[in-house]
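Asker: only geometry, no sequence info:
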Ligand code: SF4
């Protein structure tokens, strides 16, 4: 059981981050924000996949002007991503937005940052204070030579103190670098010194496959240390993929549960059914299913009986057939041809029973 770091609560719209809230899953749209229709369509897909807060880029005035319509129609709180321009930040603050992401490293005017924070306080808008290895302040680069973990943590601590000094506390911090070890270390240093909630992730992790592994290692280690109140997996892929990977990471650590968890063996020379085909079909048929249950599909009796019994439902395969287990008990023997259908039929009954919850989740 992971003991999570005690943090203070921050609210982005109606979503609580930190304190006793479950680790919140976020993503970011990759559409042009001024294309309202496409952006909202992607936000809806992200929401269906389980995304709880969405960030949209606001690089131009045209994008900032699209925000009111997007915020009004989004099913989840929206954060505007602001870089370089205080003017766009002020425009975003007029849009009904739930949060903004500010990177003080690229808005050098402290007076302007103070004004933005005062406006956020007035309008109850949350801020994500973003520290990135690519945009660290000049003075820290001079002090450390390059963006070390210590330099990133020092920047995050400096700006957190600045925010608090001007009376602003509804913020969380993200400290991101694309180097996994640097990222872990920087977050650890910061976490030991404050109770400010942390948004964690490995920035620019890469394409889907490699990026998911890198994210799982970096985010997973931090979560295991109890660090991380909200998470974004950054992939060069459809953002819906980011949400799925985030839930897989959280599910692996027992921090969240959403949808079916399939446990299947790697297969070996003992196998007597086409297990990869069975798993593929089950995965396809259950795509998008939110019932929070464990389904075991095991190739032979070596581990099958044990695994199938541990799961909510499972198949323990043998010679061209399988034993179908449910809630720890064998309920029937099914042939290879009918095993997928029979398994799905029983899962449908489980869903209809209402006993396992709907879009299940646990914090
Ligand atoms: S469960 Fe059986 S078939 Fe699957 S990998 Fe283990 S020994 Fe091989």
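Answerer: Nice, thanks for sending it over. These numbers were taken from a predicted model, which means no experiment stands behind them. Numbers count the residues shown, from 1 in each chain.
Asker: and the chain, which residues reach the ligand?
Answerer: Within the chain, the positions lying close to the ligand (Cβ under 6 Å from any ligand atom) are 265, 266, 267, 268, 270, 271, 298, 299, 300, 302, 303, 304. From N, CA and C alone the C-beta is placed, and that goes for glycine too.
Asker: ok, the fifth one - how many residues close by?
Answerer: When neighbours are defined as other Cβ atoms under 10 Å, residue 270 has 12 of them.
Asker: Equivalent analysis for the second one, please.
Answerer: Each residue near residue 266 was counted by other Cβ under 10 Å, and the total is 8.
Asker: Kindly report the same for the fourth one.
Answerer: Burial measure for residue 268: 9 neighbouring residues, criterion other Cβ under 10 Å.
Asker: contacting residues around it?
Answerer: Shown in contact with residue 268 (Cβ atoms under 8 Å, 6 or more residues apart in numbering): residue 299.
Asker: same question, the third one
Answerer: Listed by Cβ under 8 Å, 6+ apart, the contact partners of residue 267 are 275, 276, 299.
Asker: Just give the nearest non-adjacent residue to the second one, would you?
Answerer: In other words, residue 276. Closest residue to residue 276 apart from its sequence neighbours, by Cβ to Cβ, 6 or more residues apart in numbering: residue 267 at 6.8 Å.
Asker: so is the residue of the stretch 101-250 of the chain found nearest the ligand in a helix, a strand, or just coil?
Answerer: Closest to the ligand within the stretch 101-250 of the chain is residue 248: 21.3 Å, counting by Cβ to the nearest ligand atom. Classification of residue 248 by DSSP: H, G, I helix; E, B strand; the rest coil places it in helix.
Asker: Same question for residue 108.
Answerer: coil.
Asker: Could you count how many residues lie near the closest residue to the ligand within the stretch 201-350 of the chain?
Answerer: Of all residues in the stretch 201-350 of the chain, residue 299 sits closest to the ligand, at 2.8 Å by Cβ to the nearest ligand atom. Other residues within reach of residue 299, judged by other Cβ under 10 Å, total 25.
Asker: can I assume it is in contact with residue 265?
Answerer: Yes. Using Cβ atoms under 8 Å, residue 299 is in contact with residue 265, at 4.7 Å.
Asker: Need the residues touching each of these two.
Answerer: Taking Cβ under 8 Å, 6+ apart as the criterion, residue 299 and residue 265 both touch residue 275.
Asker: So residue 183, which state does it fall into?
Answerer: helix.
Asker: Look up the closest residue to it, ignoring the ones flanking it.
Answerer: Nearest non-adjacent residue to residue 183, counting by Cβ to Cβ, 6+ apart: residue 177, 4.9 Å away.
Asker: OK, contacts around the one you found?
Answerer: Taking Cβ under 8 Å, 6+ apart as the test, what residue 177 contacts is 132, 133, 147, 149, 152, 183, 186, 203.
Asker: Confirm that the last one sits in a helix.
Answerer: No. The assignment for residue 203 by three-state DSSP gives coil, which leaves it out of any helix.
Asker: all numbers from here: first residue = 38
Answerer: Sure thing, new numbering starts at 38, so read that last one as residue 240.
Asker: pLDDT value on the residue lying closest to it once chain neighbours are set aside, please?
Answerer: Spatial nearest neighbour of residue 240, excluding adjacent residues (Cβ to Cβ, 6+ apart): residue 213 at 4.0 Å. For residue 213, the pLDDT comes out at 89.
Asker: Could you report the distance from residue 213 to residue 198?
Answerer: With distances taken as Cβ to Cβ, to the nearest Å, residue 213 is found 20 Å from residue 198.
Asker: Verify the stated contact: residue 53 with residue 46.
Answerer: Yes. If you go by Cβ under 8 Å, residue 53 and residue 46 touch, sitting 5.4 Å apart.
Asker: show me the contacts for the residue of the stretch 238-387 of the chain closest to the ligand.
Answerer: Applying Cβ under 8 Å, 6+ apart, the residues contacting residue 336 are 302, 304, 305, 307, 308, 309, 310, 312, 354.
Asker: With pLDDT and secondary structure as new columns, can those be given to me in CSV?
Answerer: As requested, the contacts of residue 336 are exported to CSV (pLDDT from 0 to 100; DSSP: H, G, I helix; E, B strand; the rest coil):
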residue, pLDDT, secondary structure
302, 91, coil
304, 91, coil
305, 92, coil
307, 89, coil
308, 91, coil
309, 91, coil
310, 93, coil
312, 94, helix
354, 92, strand
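Asker: Neighbours of residue 383, how many?
Answerer: Residue 383 has 18 nearby residues by other Cβ under 10 Å.
Asker: Could you do residue 147 as well?
Answerer: Neighbour tally, residue 147, other Cβ under 10 Å: 12.
Asker: Check residue 375 too.
Answerer: 14.
Asker: What separation do you get for the spatially closest residue to residue 203 that is not a sequence neighbour and residue 56?
Answerer: Closest residue to residue 203 apart from its sequence neighbours, by Cβ to Cβ, 6+ apart: residue 151 at 5.0 Å. Distance, residue 151 to residue 56, using Cβ to Cβ: 27 Å.
Asker: Got the confidence number for residue 375?
Answerer: Model confidence at residue 375 (pLDDT) stands at 96.
Asker: In contact with the residue nearest to residue 240: list those residues for me.
Answerer: By Cβ under 8 Å, 6+ apart, the contact set of residue 213 is 167, 168, 169, 170, 220, 238, 239, 240.
Asker: hang on, the fourth one packs against residue 189?
Answerer: What it means is residue 170. Yes. With contact defined as Cβ under 8 Å, residue 170 counts as touching residue 189 (6.2 Å).
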